[in-house]
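**Q** Show me how the following folds:
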Amino acid sequence: MRLPIVLALVSSSLSGVAWSQCPQNSGGTTLCVPLDTTFTVVPMPPSSPSDPCQRNDDRSGNLMLNGWNFDFYGTNWNSIFVNNNGNVSFGQAFSTFSASGFPVNGFPMVAPFWADVDTRGVTNGAGTVWYRQWSLQGGQSVNRLVVTWDHVGYFSGQTDKLNTFQVILTDGNDPLIGLGNNVCFCYDDMQWTTGSASGGQNGFGGTPATVGANLGDGVTFFQVGRFDHAGTDYDGPGGNPDGVSFLDNAQFCFSTTSAGTNTAPIFLTPVTTHNVILGQVLNFGAEAIGPETGETVTLTADLSQLLASSVTSMLTPGNPAIATFVYRPTATSELGPHTVALTATDNGTPQRMTTINIVITVDQGGIDLTPPVTTLTNRIARIEAVSRDTGGANTGLASITLGANSTNLVLYVPPFAQGAPQVTWAVGRLDSLQPGSGTVEVADRAMNMATETISLAPAGDCNGNGIPDAMDIANFTSFDWNGNGIPDECEQLGVVYCSPQLHNSTGLPSGLIVSGSNRVADNAVVLTALNVPPSSFGTFLVSPTQGFLNGPASGFSSGNLCLSQQALGIYRQQITVSSAAGVMSIPINLNTVPLVTGPTVILPGTTLNFQGFYRDNNATIRSNLTDAVQVTFY
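**A** Numbering: from 1, shown residues only. Coordinates of the predicted model:
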């Protein structure tokens, strides 16, 4: 029967066996320092005296540091003990194979994976424990010790599952693990958690393995977590035991240079470089923990180098704290590298923070040679169009502008984000009394250009029906209710509906013209009711939604209400009187439209419905309405 504690046999006299004398496992491509022929076996008393690879169970080896000291929570050590059971200790060896959660008294150690490692098995590519020290690298002085548990099995001599992990110790000045850090844990493929003497079955269950650092005073510690089963689940350093595959390919670098104080948060294997093609979506993020149990970590992100309209973020505090970002660059100005600074702050005493920089490089990707496509709709006195871009990776419109040769035209384009695949726009007259012609230029993000030739009716034929305007009016093929010599349809900004309206006391229906400009920035809109009984009081109604109320049947009016009653606004402050010619007209202010919710500022893209309301003193029911007009503002 195996005893719970086995005294370690420590040997500092045995030199490390050369790489070539033992199985040359790669150690895994994701380790911070890949194994090579410069590594040697950690000198531990082997279970078999004839084994040059120092295979053993529960034993330890003492290594002297090459003229430098390792700061472990304020105490400097010039030597360490490498314990076969997945940890290094200070002052004495430890053979304890069933791990404890941190903090715990009497076990000063740095533990990349404290569990019951057994290197006696020699099948299935099982390996051993290697080390190497550096004093120079690339001509620069460094103080670094790397210990690697290479494809190691578990008690008792089991090799059906193997773990590969590594610890790096430095003096805090090694750029390999980040200046200021003096410990780093690195992992390749992790397949087991527990030996059979610790209650495990087939490598899982029983006493969990522990990852962290422990001063041994029962107070000061660092813990990534404890692991006792397969899978990738993880709920923080003080939660339930986690899945060992969470450690696969992970790296945790931190500092143990401050005794008895709060340890700064660490990021859990963040990916700090990303590439994304312009127009495509990049999902990235990171997790950070406060390694003391019970802490809460808060994340903040500096996204100033990313276009605000291109990125969304979610920062969730906790332990771990989680940051997720969705980035879709669409503007050519976003090409190149950008840095996102992500800071994790804990609530320990004293409060500590850690910042990492995530670099995102936006590439052009494939060349887009497909120009946008525009579909024109000819309408009276105005042209409307829908432009689309179908250029593959670079799909998205960047600009819509009038060509330099355009005359007497105005372009109405609703706000759209660069990269929008479809935009609706319109061209109308700058001066609706004059003809105009020219071009509209539509460009996409890849700077492909489509040019649309546009033309409005020739002078004297504003509705383009081939009949001079004066003849249109004289023959009643067009109407000129306000008597200004312009066919009414050439002045109308919107779409007429509920027409014709019921007759008033003049024997004719009344109509409404919305004239001026439907560009919000112009703020130049006039409402004109035509064919109103002379000297009649009236005003105008407005609503964002249409409706219908049968006026005569309801007793409301001699005409029909064509706006929603629930959303009805009234220009109460602009009551007017119709002229002798039966014209009633007011200018309106788009910054104070009297909607039912209160005075409202109209924004581009808003649609409003208008209708005129007036008294009819000669009618049995003493009021009537014009037809209605729907206008979309740009």
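**Q** immediately after the helix-or-strand element of the chain with minimal mean pLDDT, which helix or strand?
**A** None of the helices or strands of the chain scores lower by mean pLDDT, DSSP states H and E than strand 10-11, at a mean of 36. Following the chain from strand 10-11 toward its C-terminal end, the next helix or strand by DSSP states H and E is strand 40-41.
**Q** Please name every helix or strand in contact with that next one.
**A** Judged by 3 or more Cβ pairs under 8 Å, 6 or more residues apart in numbering; DSSP states H and E, the packing partners of strand 40-41 are strand 129-137. Bear in mind the C-beta positions are built from the backbone N, C-alpha and C, glycine included.
**Q** and the strand it packs on, which residues are buried?
**A** Within strand 129-137, the residues that qualify as buried are 129-134, counting by 16 or more other Cβ atoms under 10 Å.
**Q** Please name every helix or strand in contact with the longest strand along the chain.
**A** Counting by DSSP state E, the longest strand found in the chain is strand 140-154. With contacts defined as 3+ Cβ pairs under 8 Å, 6+ apart, strand 140-154 has these neighbours: strand 117-118, strand 129-137, strand 158-170.
**Q** List just the nearest of the buried residues of strand 129-137 to N78.
**A** N78 lies nearest to Q133 out of these, by Cβ to Cβ, at 12.3 Å.
**Q** how about that closest one, what does it touch?
**A** 63, 65-66, 144-146 (Cβ atoms under 8 Å, 6 or more residues apart in numbering).
**Q** hmm, try it at 7 Å
**A** 66, 144-145 (Cβ atoms under 7 Å, 6 or more residues apart in numbering).
**Q** do R622 as well
**A** Residues counted as contacts of R622 (Cβ under 7 Å, 6+ apart) are 615-616.
**Q** repeat that with 10 Å
**A** 505, 536, 557-558, 615-616 (Cβ atoms under 10 Å, 6 or more residues apart in numbering).
**Q** Then D233?
**A** Residues near D233 by Cβ under 10 Å, 6+ apart: 239-243, 245-246.
**Q** List only buried entries from the residues you listed.
**A** So, by 16+ other Cβ under 10 Å, the buried ones in these are 241-243, 245-246.
**Q** burial of P52, as a residue count?
**A** Neighbourhood size, P52 [other Cβ atoms under 10 Å]: 12.
**Q** That should have said V359, apologies.
**A** By the criterion of other Cβ under 10 Å, V359 has 13 neighbours.
**Q** What pairs with the helix or strand containing it, parallel or antiparallel?
**A** Assigned by DSSP H and E, V359 falls within strand 353-363. Note on strand 353-363: by DSSP bridges, its sheet partners are strand 273-277 (parallel), strand 336-346 (antiparallel).
**Q** following it, which helix or strand shows up next?
**A** strand 373-379.
**Q** and that following strand, what other elements does it pack with?
**A** Counting contacts by 3 or more Cβ pairs under 10 Å, 6 or more residues apart in numbering; DSSP states H and E, strand 373-379 packs against strand 382-388, strand 422-429, strand 437-444, strand 449-455.
**Q** Would you tell me which of those gets closest to T30?
**A** Going by Cβ to Cβ, the one of these nearest T30 is strand 437-444, 40.9 Å.
**Q** Please identify the buried residues of the strand holding V359?
**A** Neighbour-count burial for strand 353-363, counted by 16+ other Cβ under 10 Å, picks out 354, 356, 358, 360, 362.
**Q** Including distance to T424, could those residues go into CSV?
**A** Output for the buried residues of strand 353-363, formatted as CSV (distance: Cβ to Cβ, whole Å):
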residue, distance to T424
T354, 48
I356, 43
I358, 37
I360, 33
V362, 28
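**Q** And L303, how close does it get to S310?
**A** 10 Å (Cβ to Cβ, to the nearest Å).
**Q** can you confirm T506 is in a helix?
**A** No: under DSSP: H, G, I helix; E, B strand; the rest coil, T506 sits outside any helix and is assigned coil.
**Q** May I ask you to confirm that it is in contact with S558?
**A** No: counting by Cβ atoms under 10 Å, S558 is not a contact partner of T506; they are 11.9 Å apart.
**Q** So for these two, which sits in the more crowded spot?
**A** S558 (19 against 14).
**Q** burial of the closest residue to the more buried one other than its chain neighbours, as a residue count?
**A** Spatial nearest neighbour of S558, excluding adjacent residues (Cβ to Cβ, 6 or more residues apart in numbering): N624 at 4.5 Å. Using other Cβ under 10 Å, N624 is surrounded by 27 other residues.
**Q** Parallel or antiparallel, list what pairs with whichever helix or strand N624 is part of.
**A** Taking DSSP H and E as the definition, N624 sits inside strand 623-632. Applying DSSP bridges to the sheet, strand 623-632 is found paired with strand 495-497 (antiparallel), strand 607-615 (antiparallel).
**Q** and for T506 and S558, which residues touch both?
**A** D616.
**Q** and T232, how many neighbours does it have?
**A** 11.
**Q** and what of Q191?
**A** Q191 has 18 neighbours, counted by other Cβ under 10 Å.
**Q** Excluding residues flanking it in the chain, which one is nearest it?
**A** K161 (3.8 Å).
**Q** Please apply the same query to D488.
**A** Residue nearest to D488 in three dimensions, not counting chain neighbours: F479, with 5.1 Å by Cβ to Cβ, 6+ apart.
**Q** so when I look at that neighbour, I'm seeing a strand, right?
**A** No: per three-state DSSP, F479 lies outside any strand segment and is coil.
**Q** Tell me, how many residues neighbour it?
**A** Look at F479: counted by other Cβ under 10 Å, it has 15 neighbours.
**Q** What strands line up against the longest strand of the chain, and which way round?
**A** Applying DSSP bridges, strand 140-154 is found paired with strand 117-118 (antiparallel), strand 129-137 (antiparallel), strand 158-170 (antiparallel).
**Q** I'd like the next helix or strand past the lengthiest helix in the chain.
**A** With secondary structure taken from DSSP state H, the chain has its longest helix at helix 469-474. Using DSSP H and E, the helix or strand that follows helix 469-474 in sequence is helix 488-491.
**Q** Report the rounded mean pLDDT for that next one.
**A** What helix 488-491 shows for mean pLDDT is 72.
**Q** which helices and strands does that helix pack with?
**A** helix 469-474, strand 511-516, strand 525-530.
**Q** Sheet partners, orientation included, of the second one?
**A** By that I understand strand 511-516. strand 525-530 (antiparallel).
**Q** buried stuff in the partner strand?
**A** Quick answer for strand 525-530 (16+ other Cβ under 10 Å): 525, 527-530.
**Q** quick one, phi psi at D58?
**A** phi 70, psi 20 (degrees, to the nearest 10).
**Q** Sorry, slip of the keys, the one I care about is P587.
**A** Torsion angles, degrees, to the nearest 10, at P587: phi -80, psi 150.
**Q** Am I right that it is in contact with V526?
**A** Yes: judged on Cβ under 10 Å, P587 makes contact with V526 at a distance of 5.1 Å.
**Q** Now do the shared contacts for the two.
**A** With Cβ under 10 Å, 6+ apart, P587 and V526 have common neighbours G516.
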